[in-house]
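> Show me the folded form of this:
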Amino acid sequence: MNRTELEELIRNGENSGVEFKRDDVLPERLAKELAALLNLRGGHLLLGVEDDGTATGLVRAPKQVEEWIMEVARVHLRPAAIPFWETLTLDNGNIVGVISLPADAPDKPYKAKRGSAWVTQVRVGTTTRDATHAEEARLYMQSGHLQYDRKPVPGATFSDLDLRRLVNYFRDLRQQTAPENTALESWLRLLVNTELMVEDRTRLMPSAGGLLLFGRKPNRFLPQAGINAVAYSGTEKDYDAKARATLRGPAVSLFPAPSNDPGQPLYPLLPRTFSEAGNAVEAGVIEQALDFVRRNIEVTARIERDGRRLERWDYPLEAVREALVNAVVHRDYTINVIDIELSIYTNRIEIISPGRLPNTVTVDKMRAGYRASRNELIKEMLRDYRYIEATGLGVPRKIIGGMRAHNGTEPDLIEEDDRFMVRLWREARS
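A predicted model of the protein is given here:
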């Protein structure tokens, strides 16, 4: 950081990534601010700057302050951290210390010592406070230490799973011997071994991933398990929408059994492409969303010289499908009051997934094909259904590459606040 950059930080004031403090603050207070910044997106803690932005400078020697900071980060912060430390001298001769913290700190949640307790801290605007239980769980998920889809769902039982879809998955898709429908013990053992059910205090209950994928009515236990779809008549949100739908049910569809005809593909049931996904016996949430898109965007057709009829949709359907699948797989399910949002405007489609990107994931890494998952169980099973390609390059190949090939536009991948958005443009913008 140079002096110009420092002066701009001070001039802009405190925000969610910048905090001002004197260097005689209590160690517990410093640790609290460090933990909160690490748990958000990193940032800068400026020592020797008053709350009003007055740069009064360090009151101790810079070397002494540095040793104090490193001791606080080692003793009063859990897990311990090693922040980057530097000092800069302003025009008035005052020295300001700058503690810089990374945006992708890998060991969330960070906790600050308070007496004999360790307390997770979060930053909301310019305020640092104790994390709620849900916020702390979200931080564990961002770090990869806790996967929500493997957690048990209290109150749910085996009967809350759709046995037809389970048979469809194990027998028809994975081609393994599935227990008889009445063989409860065999089913329970199989589902525990595949983590679709979890044993908790001697009780067996479906995991969150099991309910999301195969539940009869997942929203009974997981109200966030759905997609809110709206098609608008213009380019902005409006009460006068063309179509609205609240999409509910398990994520995966119930497909017909594979063909026994040796001349037919073994698995014609699987949605290899968007256009082949309509052969489901009962559509899951993903297929429901795809059907909603097809009903509310336009398609033009032309007849080739050889008599073939070619259709061209407003958007490449593979790109839409990939964005929807990613939203289901990677959303933050600890945010339990918000559905995935699918919005169709006259000039674009927006798919909004609740929650920030998982820890270490950035938009640039996504564009390059970086592979990371918040809900590994859901991801692996949707891969079995061929919703996800094994290479993990769906974003660069299907979304970015698909939009470029279709109409030369660049899709927007946007992380803001506690949500992630994929925006697809109908045509190039002038």
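> how far away is residue 11 from residue 22?
Using Cβ to Cβ, to the nearest Å, one gets 19 Å for the distance from residue 11 to residue 22. The C-beta positions use only the backbone N, C-alpha and C, and glycine is treated the same way.
> who touches residue 175 in this structure?
By Cβ atoms under 8 Å, 6 or more residues apart in numbering, residue 175 lies in contact with nothing.
> Just the element for it, please.
Secondary-structure assignment from DSSP states H and E places residue 175 in no helical or strand segment.
> before we move on, back to that, residue 11 and residue 22: which has the busier surroundings?
Higher neighbour count among residue 11 and residue 22: residue 22, with 15 against 8, using other Cβ atoms under 10 Å.
> Find me the pLDDT at the more buried one, would you?
Each residue has a pLDDT score; the one for residue 22 is 93.
> Verify the stated contact: it with residue 45.
No - under the criterion of Cβ atoms under 8 Å, residue 22 lies out of contact with residue 45, with a separation of 11.4 Å.
> Residue ranges in this structure under the pLDDT threshold?
The chain contains residues with pLDDT under 70 at 106, 141-146, 201, 258-280, 359, 390-392, 430.
> Let me see the ranges of the strands in the stretch 301-430 of the chain.
In the stretch 301-430 of the chain, the strands defined using DSSP state E, counting those that start in this stretch lie at 309-313, 340-344, 348-354, 412-416, 419-425.
> relative to strand 348-354, how tilted is the fourth one?
Angle of strand 412-416 versus strand 348-354, following axes from the mean of the first three to the mean of the last three Cα atoms, to 10 degrees, is 30 degrees.
> and if you look at the first one?
Compare the direction of strand 309-313 with that of strand 348-354 by the same axes, to 10 degrees and you get 60 degrees.
> how distant is strand 309-313 from the center of its chain?
The gap between the average C-alpha position of strand 309-313 and the chain average comes to 33 Å, counting by Cα atoms, centre = their mean, to the nearest Å.
> Tell me the strands beside it, with direction?
Based on DSSP bridges, the strands next to strand 309-313 in the sheet, each with its direction, are strand 299-303 (antiparallel).
> what about the strands in the stretch 151-300 of the chain?
For the stretch 151-300 of the chain, the strands identified by DSSP E, counting those that start in this stretch occupy 197-200, 203-206, 227-231, 243-247, 299-303, in order along the chain.
> Of all these, which one is nearest residue 88?
strand 227-231 (48.3 Å; Cβ to Cβ).
> could you give the angle of the closest one to strand 243-247?
Using the same axes, to 10 degrees, strand 227-231 lies at 170 degrees relative to strand 243-247.
> which residues touch strand 227-231?
Outside of strand 227-231, the residues that reach it under the criterion Cβ under 8 Å, 6+ apart are 237, 241-247, 285, 288-289, 292, 296, 324, 327, 339-344.
> Quick check: the closest residue to residue 186 other than its chain neighbours vs residue 187, distance?
Take residue 186 and drop its neighbours on the chain: the residue closest to it by Cβ to Cβ, 6 or more residues apart in numbering is residue 179, 3.6 Å away. According to Cβ to Cβ, residue 179 and residue 187 sit 5 Å apart.
> okay, the two: which has more neighbours?
A side-by-side neighbour count of residue 179 and residue 187, using other Cβ under 10 Å, places residue 187 first with 22 against 19.
> could you list every residue that touches residue 354?
With Cβ under 8 Å, 6+ apart, residue 354 has these contacts: 224, 331, 332, 335, 338, 339, 340, 418, 419.
> Tell me what it is bridged to.
When assigned by DSSP bridges, residue 354 has beta-bridge partners residue 419.
> what about residue 242, neighbour count?
For residue 242, the neighbour count with other Cβ under 10 Å is 14.
> my read: it touches residue 292, true?
No - when contacts are counted by Cβ under 8 Å, residue 242 is not listed as touching residue 292 (11.1 Å).
> Now stretch 401-410: buried residues?
The neighbour-count criterion (16 or more other Cβ atoms under 10 Å) identifies 401, 402, 403, 406, 407, 409 as the buried residues of stretch 401-410.
> Of these, which is the nearest to residue 306?
For the buried residues of stretch 401-410, the closest approach to residue 306 (Cβ to Cβ) belongs to residue 406, at 22.9 Å.
> ok, the closest one - contacts?
315, 316, 319.
> again, only this time at 7 Å
315, 316 (Cβ atoms under 7 Å, 6 or more residues apart in numbering).
> Return the distance of it relative to residue 77.
Here residue 406 is placed at a distance of 49 Å from residue 77 (Cβ to Cβ).
> what does stretch 240-255 rub up against?
Under the criterion Cβ under 7 Å, 6+ apart, residues 162, 164-165, 168, 212-215, 218-219, 226-233, 269, 280-289, 292, 296, 328, 385 lie in contact with stretch 240-255.
> before we move on, what about stretch 334-343?
Applying Cβ under 7 Å, 6+ apart, the external contacts of stretch 334-343 come out as 134, 137-138, 141, 148, 223-224, 226-230, 232, 289, 292, 327-328, 331, 350-355, 418.
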